[in-house]
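> This is a predicted model, with the sequence first.
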Amino acid sequence: MSCVPVTPGNAGLPERERRKQPLRNAVKACLELYLRELDGHPASGIYQLVLAEVEPAVLETVMNHAGGNQTRAAEMLGINRATLRKKLRHYGIEY
């Protein structure tokens, strides 16, 4: 399964090649869909909305990849362990 959705810009690419597309393409496609679905309603707080959706997913995925090792996960993320622990508590992610 590709993390990058099929869009007009990559529709002709096989799934394997779509996976090589930058993550930003998936984020952009999702944001464009979100804004279209607002159907004229005003948008606000999009930046915080994206962070609140993406950050926990990043933390959970990296923690799983690190086998629950917070020191290793913090190194992978490029943040210190105390910051990682704070973020895990903030989102209620337990390891």
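Thanks, I have it.
> Domain parsing of this protein, as residue ranges.
The record's domain split for the chain, according to automatic domain parsing, is 1-41, 46-91.
> per-residue confidence averaged over the last one?
For domain 46-91, mean pLDDT is 97.
> So for the longest helix belonging to the chain, what gets flagged as buried?
For the chain, the longest helix by residue count, based on DSSP state H, is helix 46-65. Taking 16 or more other C-beta atoms under 10 Å as the basis for neighbour counts, the residues of helix 46-65 that come out buried are 56, 59, 62-63. Where C-beta positions appear, they are placed from N, C-alpha and C, glycine not excepted.
> Pull the contacting residues for the residue positioned nearest the centre of the chain.
Residue closest to the average C-alpha location in the chain (C-alpha atoms, centre = their mean): residue 54, at 3.6 Å. With contacts defined as C-beta atoms under 8 Å, 6 or more residues apart in numbering, residue 54 is in contact with residue 27.
> Of the domains of the chain, which stretch is the most buried?
Counting by mean count of other C-beta atoms under 10 Å, domain 46-91 has the highest mean neighbour count of these, with a mean of 14.
> Can you give me the first-to-last residue distance of that one?
One end of domain 46-91 to the other measures 18 Å (C-alpha to C-alpha, to the nearest Å).
> all helices of the chain, in order?
Listed in chain order, the helices found in the chain under DSSP H are 15-18, 23-37, 46-65, 70-77, 81-91.
> quick one: the last one to chain centroid distance?
Looking back up the chat, that one is helix 81-91. Relative to its parent chain, helix 81-91 has a centroid offset of 17 Å by C-alpha atoms, centre = their mean, to the nearest Å.
> Show me the contact partners of it.
With C-beta under 8 Å, 6+ apart as the contact definition, helix 81-91 has outside contacts at 55-56, 59, 63, 70-71, 73-74, 77, 79, 93-95.
> mind putting those in CSV, distance to residue 35 included?
As requested, the contacts of helix 81-91 are arranged in CSV below (distance: C-beta to C-beta, whole Å):
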residue, distance to residue 35
55, 21
56, 22
59, 26
63, 31
70, 36
71, 39
73, 33
74, 34
77, 29
79, 30
93, 28
94, 34
95, 34
